[in-house]
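>>> Provide a 3D model corresponding to the input given below.
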Amino acid sequence: MRARYYNFRLSIIGGVAACLATLVVPATAAVTSGAAALATSLEDAWRACKAPKLSSAERIAYCTRIIESGRANPAARALALTARGFGYVLQKDFDHALADLDAAIRENPKLATAYYYRGSILTDRDPKRALADLAKAIALNPKDADYFRQRGSVFLKRKDYRHAIADLTTAIGLAKNPQGLYFVRGAAYEDIGQKGKAIADFQTSLLLDPDNDVLRRHLHRIGGEIPKAVQLPPGLCGANDITHEQRIAGCTASIDSGTLSGWSLKVAYCNRGYALTELGEYDRVITDSDALIAINQEAGCGYLNRARAWYYKSDLDRAIADYTQAITFEPRLHEAYASRGTAYFDRREFGKAIADYDAAISIDSDIPMYFSWRGNTRYVMGDYQSAIADYNRAIAVDPDYEQAYARRGWAYLQLEELAKAEADFDKALALAPGDEYAKSGRAEVYQRQNKPVPEGRSTGMSFETLRRMVEQPGDAAAMHPRP
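Below is the predicted model:
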């Protein structure tokens, strides 16, 4: 994995599914009265229909039971339709979602949630209708920050900055966690040339989300000062382009100085833990992570470092548990998703691995390894075309990523596209002459073409035995290749 030494992640408003995925139909008084109108035999279905963690398919099935029972009053039926529409949104079946939301509004024209969901779906399809729906939702419930945030995003798409900033300002005042809202409003101020206000919003956003490296770099680029409370540890601990030993020494000096606290202290521990992992000092990583977690129970990077140590000690259960804890406390910690995906891969739980790679890519699509790892998973599942598509994306991010060429060559080899395979192996070997994937793949191509195998090219290494040569983190994997 790319050594990030505590990079910092960007939190922005995503697409419709991402916007709605964190929302559930609220348990209002109408829900209670609606549930009471159902027969006892449907009570479980009702609870499941509005359960926050239900899968989309189960939600749709349970809500359909209520909708088709003929025994729900209009208020309950409208809520069930809205909940089922939300299930369709999660499946990205927006046409069925819109049909359900239309029906919900007909049943209950005062259901603000239905207007909000429908307006969110229509944001790209029909911005004018989206604004009308969101205005209705706000009129019915003027205390919901999400309604103003979503309408602000529609105004931004229309470059109506005055109204967008007004809505985002209202949303900031209402939201419990406004960090992303400050960022978006800052971007709007920057677009209209109000640099001072943009910097102030970016600084506030960074204080609320200090792990946001994209925002940190952008703030520096436009001349904004990094707030003192979220400055990196001094000296070698927070420096770039130094050895792992230097980083460990620098972070140890910073920690032992007693001058660090809060976020900066967390970063010092995390950077030292990462460097120790790269050097294979796994027991020290676990001890260091335990110390950090004792200070800050919600330090996601502490769980991440400890999980990697467990992974390399071949304790997959503990590794997965710690990756999951890291994700719980820092839901946008893409490294935790990607690393947990490799642990699931090792357990041959390929569906879970792909889901985790998907999540990592959705957060940060600028890391070629994530596409390559997902491609490796699809390769061993026999889905060579999808694997090739992933390797293509890895190469698009990094045209010199030799391992993606070698792995793509193997996928082409399985499809008997020998010319493409040979070209990829040649490219990989030009970039990395010692790449064993490419060497063994090129030898296989020669054998299938009945050509003499070039001297020194291995024929005894298969994709299955070589797939682990790039792992998490990169340096540690190179020192400790897994079977």
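>>> So which elements touch the helix or strand containing Val445?
In this structure, Val445 sits in helix 436-448 according to DSSP states H and E. On a contact count with 3 or more C-beta pairs under 8 Å, 6 or more residues apart in numbering; DSSP states H and E, helix 436-448 meets helix 402-414, helix 418-431, helix 463-466. Where you see a C-beta, it was placed from the backbone N, CA and C, and this is true even at glycine.
>>> So for that helix, mean pLDDT?
Averaged across helix 436-448, pLDDT comes to 89.
>>> swap in stretch 112-125?
The model assigns stretch 112-125 a mean pLDDT of 94.
>>> hmm, who's touching it?
Contact with stretch 112-125 is made by 16, 19-20, 25-26, 78, 81-82, 85-86, 89, 94, 97-98, 101-102, 104-105, 108, 129-134, 136-137, 140-141, 144, 146-147, 150-151, 153-154, 157, as judged by C-beta atoms under 8 Å, 6 or more residues apart in numbering.
>>> ok so, going back, can you check what angle separates the helix holding Val445 from helix 418-431?
Between helix 436-448 and helix 418-431, the angle comes out at 140 degrees (axes from the mean of the first three to the mean of the last three C-alpha atoms, to 10 degrees).
>>> Now do helix 436-448: distance to the chain's middle.
The chain centre lies 35 Å from the centre of helix 436-448; the measure is C-alpha atoms, centre = their mean, to the nearest Å.
>>> ok, and for that helix, which residues are buried?
If you call a residue buried by 16 or more other C-beta atoms under 10 Å, then helix 436-448 has these buried ones: Glu436, Tyr437, Ala438, Lys439, Ser440, Gly441, Arg442, Ala443, Glu444, Val445, Tyr446.
>>> Between these, which sits nearest Ile60?
Closest approach between those and Ile60, by C-beta to C-beta: Tyr437, at 43.1 Å.
>>> Is that closest one in contact with Ala428, as I believe?
Yes: here Tyr437 reaches Ala428: they are 7.0 Å apart, a contact under C-beta atoms under 8 Å.
>>> Mutual contacts of those two, please.
Residues touching both Tyr437 and Ala428 (C-beta under 8 Å, 6+ apart): Gln403, Ala406, Gly409.
>>> export the residues you listed to a markdown table and tack on pLDDT?
Shown next, in a markdown table, are the shared contacts of Tyr437 and Ala428 (pLDDT from 0 to 100):
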| residue | pLDDT |
| --- | --- |
| Gln403 | 91 |
| Ala406 | 94 |
| Gly409 | 95 |
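>>> Rebuild the helices and strands packed on helix 436-448 as CSV, extending it with mean neighbour count and distance to Ala112.
Listed next are the helices and strands packed on helix 436-448 as CSV, based on neighbours: other C-beta atoms under 10 Å; distance: least, C-beta to C-beta, whole Å:
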stretch, mean neighbour count, distance to Ala112
helix 402-414, 26, 47
helix 418-431, 19, 54
helix 463-466, 16, 53
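>>> Could I get these in TSV, plus columns for distance to Arg125?
Converted to TSV, these look like this (distance: least, C-beta to C-beta, whole Å):
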stretch	distance to Arg125
helix 402-414	36
helix 418-431	39
helix 463-466	43
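>>> worst average pLDDT in these?
Among these, helix 463-466 carries the lowest mean pLDDT, a mean of 47.
>>> Next, the buried residues of stretch 48-63.
Using 16+ other C-beta under 10 Å as the test for burial, stretch 48-63 gives Ala48, Cys49, Lys50, Leu54, Ser56, Arg59, Ile60, Ala61, Tyr62, Cys63.
>>> for stretch 154-162, same thing?
The neighbour-count check on stretch 154-162 (16+ other C-beta under 10 Å) flags Val154, Phe155, Leu156, Asp160, Tyr161 as buried.
>>> contacting residues for Tyr384?
Neighbouring residues of Tyr384 by C-beta under 8 Å, 6+ apart: Arg378, Ala411, Tyr412, Gln414, Leu415.
>>> Correction: the previous question concerned Tyr357.
Tyr337, Ala338, Gly341, Tyr370, Trp373, Arg374, Thr377.
>>> same thing with Ala343?
For Ala343, the contacting residues are Ala307, Tyr311, Leu316, Ala319, Ile320, Tyr323, by C-beta under 8 Å, 6+ apart.
>>> Tell me the pLDDT of it.
96.
>>> so how far is Glu349 from it?
As judged by C-beta to C-beta, to the nearest Å, Ala343 and Glu349 stand 9 Å apart.
>>> repeat for Leu90
Leu90 sits 22 Å away from Glu349, going by C-beta to C-beta.
>>> What of Asn271?
Distance of Asn271 to Glu349, given as C-beta to C-beta: 31 Å.
>>> between those two, who's got more neighbours?
The neighbour comparison of Asn271 against Glu349 (other C-beta atoms under 10 Å) goes to Asn271, with 28 against 17.
>>> Wait, that one touches Leu236, no?
No: judged on C-beta under 8 Å, Asn271 makes no contact with Leu236 at a distance of 9.5 Å.
>>> Need the residues touching each of those two.
Taking C-beta under 8 Å, 6+ apart as the contact rule, Asn271 and Leu236 both touch Arg247, Cys251.
>>> Report the two of the contacts of Tyr384 separated the most.
Arg378 and Tyr412 (13.8 Å).
>>> Now the residue nearest the centre of the chain: closest residue in space that isn't a chain neighbour?
Among the residues of the chain, Ile363 comes closest to the average C-alpha position under C-alpha atoms, centre = their mean, at 3.3 Å. Residue nearest to Ile363 in three dimensions, not counting chain neighbours: His334, with 4.0 Å by C-beta to C-beta, 6 or more residues apart in numbering.
>>> Hmm, Ile367 and the one you found touching each other?
Yes: contact criterion C-beta under 8 Å: His334 and Ile367 qualify, at 7.4 Å.
>>> Looking only at neighbour counts, state which of those two leads.
A count of neighbours by other C-beta under 10 Å puts His334 above the other of His334 and Ile367, at 25 against 21.
>>> Tell me how far that one lies from Thr328.
Distance, His334 to Thr328, using C-beta to C-beta: 14 Å.
>>> With Asn212 instead?
Note on Asn212: its distance to Thr328, by C-beta to C-beta, is 19 Å.
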